[in-house]
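>>> based on what follows, work out the 3D shape:
(one chain, ligands or ions: 2)
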Amino acid sequence: MTNDKEKIEWYHDFIDRGYKPKSDELIALYYFDKADEITIDDTIGRLASESSIGTWTTLETLDDRIYSMRGRSFWNTDNLVKISYPLVLWELNNIPQLMSGIAGNIFGMKAVKNLRLIDTSLPIEYIKGSPGPNMGVEAIERIFKKEGPLLACVPKPKIGMTVEQHCKVGWDAWTGGVDLIKDDENLTSQSFNKFKDRVEQLAKTRDKAEQETGEIKDALINVTAETHEMEKRVEIIHENGFKYFMVDIVTTGFSAVQTMRNLAGDLDMAIHAHRAMHATFTKHSNHGISMYFLAKLMRLIGVDTIHIGTVVGKLDSPKQDVLDMRDLLLNQEILEDEGRHLSQSWGTMKATLPCASGGLHPGVLPEVLTVYGTTDMVLQVGGGIHGHPDGTYAGSKATVQAIEAWKENITLEEKARSSPELKRALEKWGYLKPV
Ligand code: CAP
Ligand code: MG
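Ligands and ions are numbered 1, 2, ... in the order given. Take a look at the predicted model:
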C-alpha cells in the first residue's frame, strides 16, 4: 500500500513568501543546511511547522482558529530563513517556553544537517512582558559613584584558595584600585572555600579596603547552585552589604536566571551574568544558537552585566560580533544587518553593561577599550593582575594605570615613565595577545 504524501503532509502550508508580518509578530532568523533527500521548501516548511502548531501529518483536530496561528516561513535564501510567529503562541516573560518553541524540536529534525538560531526580533508587546535590568548601566553611578569602565578582578588560581587566601588577594586587588572582586565561574561552596564564610570574610575585607582607599568597593560573588539554594545565597550576600551578585546563566538555566532577577528587584541588587558553557552551542557558525541572541535574552530577563568577549583575549570573540552585542546591550533601537541580526526595539528597557574578560592584561587594555569605544562597560582582569611580577597589588595598579593611559589618550610607554607598576607589566607581557 503506498502512502499518498499529499494526504499526509502539510508542511508547505507553513510557507508564505511575501507575507508581511504584523508589527506584533515575533520573527526568527535561522541558518540551515538542509538534508540531501528533501527540498529547501520541505525544510523551511518543517521548521515553521514544528516550532509553531504543526506535526508530521495532517490532523483531524485542526480548526481555522488554530490554523491561523501557524508559523510562516516568509523569506529565505538557500541557507537562511525568516519565520514569523503570531504573538498569541507565546506566554509573556516565560523564556523557557520561548526557547522550547524557537529552539526546540526543530534542532533534532532529520530535515536539517545543521541549524543555527541567529536572532529573533521580539515585538515591543513581548519586550514589555519582561522586567529588563534592575540597574544596568546605572549601576556604575548608583553603586560606585564614578565614571566607567568598572574594573573587576578574579582571584586566581581560579579555585583551590581558602577563604583567607581569597580575601588576602581581594584586599591587594581592592587597595590596588579594583572595584569588584569576582568569583570564578566554578567557585561556589567547596570544602576549601565555603560560601557563607567567603561572603562574611570578604565583607569585612571590603569595609577595610573602603576605609583604606576612600573608594566604594563591591564583589561579584557566585551564587550558582540549585535554585532554592541560590535564593538563600543571594540573601546572604545582601545581608553582608554587597549590591552585586553573579550567576552562571547557562549552567543554571533560564528559569533560574528569571528567579534571580525577581530577587534582585526585591533586594535592589544587580546581577553579573557569567556565560560559562555558552560555547557548547554558540561557537560554530553553522549550528546552535548565537551568543548575540543569548545576550538579547539576558537583557530581556534583566541581568545588569554580561560577558561578551574581548576580541584580543584568549577566548573566541570576533570583533564584529562583540560590536554587534555591545550595540544590542547599550542601545534602544537596533537596525537590521542582513544575515547577522534582525532589527530590535527595546522601548524604555534599561541597558545591560557589556563585560570584556579573558586573557586581558595592562598591555592590551587600551586596544579593548578602543574596540568597545565606551566607558559603559566592565573590564575583568584575573591572570593579568595576579601574574604581575610584583604581585596582585602592583598588578592592580598597573591595570588602573593602563586604563588611565587610555582615558588620557597617551601611549602605555608614556604612562609607564611615571608608573613603575605598568612598566613592570610591560616588561613581562608587552602587548601579548594570549591564545
Ligand atoms: C578570565 C576568566 C573568565 C573568562 C570567561 C576565566 O580569567 O575568569 O571566566 O573571561 O570567558 O576563568 O578564564 P583571566 P568570557 O582574566 O585570568 O583570563 O568572558 O569569554 O565569557
Ligand atoms: Mg573565570
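
>>> surely M161 touches R198?
No - the pair M161 and R198 fails to qualify as a contact (CB atoms under 8 Å) at a distance of 9.6 Å. C-betas here are computed from N, CA, C, even on glycine.

>>> neighbour count winner among the two?
R198 (24 against 19; other CB atoms under 10 Å).

>>> list the contacts of I221.
Counting by CB atoms under 8 Å, 6 or more residues apart in numbering, I221 touches D183, F195, R198, V199, L202, R233, I237, F242, Y244, F245, M246.

>>> how about N222?
D183, D184, E185, L187, T188, F245, M246, V247, D248, H274.

>>> related to what we said a few turns ago, from the contacts of I221, which land in helices?
The members of the contacts of I221 that map onto helices under DSSP state H are F195, R198, V199, L202, R233, I237.

>>> of the residues you listed, closest to ligand 2?
R198 (15.7 Å; CB to the ion).

>>> ok, the closest one - contacts?
Here R198 is in contact with V163, H166, C167, D183, S189, I221 (CB under 8 Å, 6+ apart).

>>> can you list the domain ranges for this protein.
12-127, 136-429 (automatic domain parsing).

>>> which one of these is the most hemmed in?
Burial of the domains of the chain is given as mean neighbour count (mean count of other CB atoms under 10 Å); domain 136-429 ranks first at a mean of 20.

>>> does ligand 2 have contacts with it?
Yes - judged by CB under 5 Å from the ion, domain 136-429 and ligand 2 are in contact via D184, E185.

>>> dump the contacts of N222 to CSV, plus pLDDT and distance to T227.
What follows is these, written out as CSV (pLDDT from 0 to 100; distance: CB to CB, whole Å):
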residue, pLDDT, distance to T227
D183, 98, 18
D184, 98, 21
E185, 98, 17
L187, 98, 19
T188, 98, 14
F245, 98, 14
M246, 98, 15
V247, 98, 10
D248, 99, 13
H274, 98, 16
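
>>> which among those are in contact with ligand 1?
With the criterion set as CB under 6 Å from any ligand atom, the members of the contacts of N222 near ligand 1 are D184, E185.

>>> check the contacts of N222 and tell me the two furthest apart.
By the measure CB to CB, D184 and F245 form the most distant pair in these, at 14.3 Å.

>>> how far does stretch 31-42 sit from its chain's centre?
31 Å (CA atoms, centre = their mean, to the nearest Å).

>>> who are the packing partners of the helix or strand hosting W75?
In this structure, W75 sits in strand 72-76 according to DSSP states H and E. Counting contacts by 3 or more CB pairs under 8 Å, 6 or more residues apart in numbering; DSSP states H and E, strand 72-76 packs against helix 40-50, strand 80-85.

>>> elements contacting the last one?
For strand 80-85, the contact count by 3+ CB pairs under 8 Å, 6+ apart identifies strand 26-34, helix 40-50, strand 72-76 as packing neighbours.

>>> give the contact list for the residue nearest to L26 when sequence neighbours are not counted.
Nearest residue to L26, sequence neighbours excluded (CB to CB, 6 or more residues apart in numbering): Y85, at 4.5 Å. Contacts for Y85 (CB under 8 Å, 6+ apart) come out as E25, L26, I27, A28, S51, S52, G71, G101, I102.
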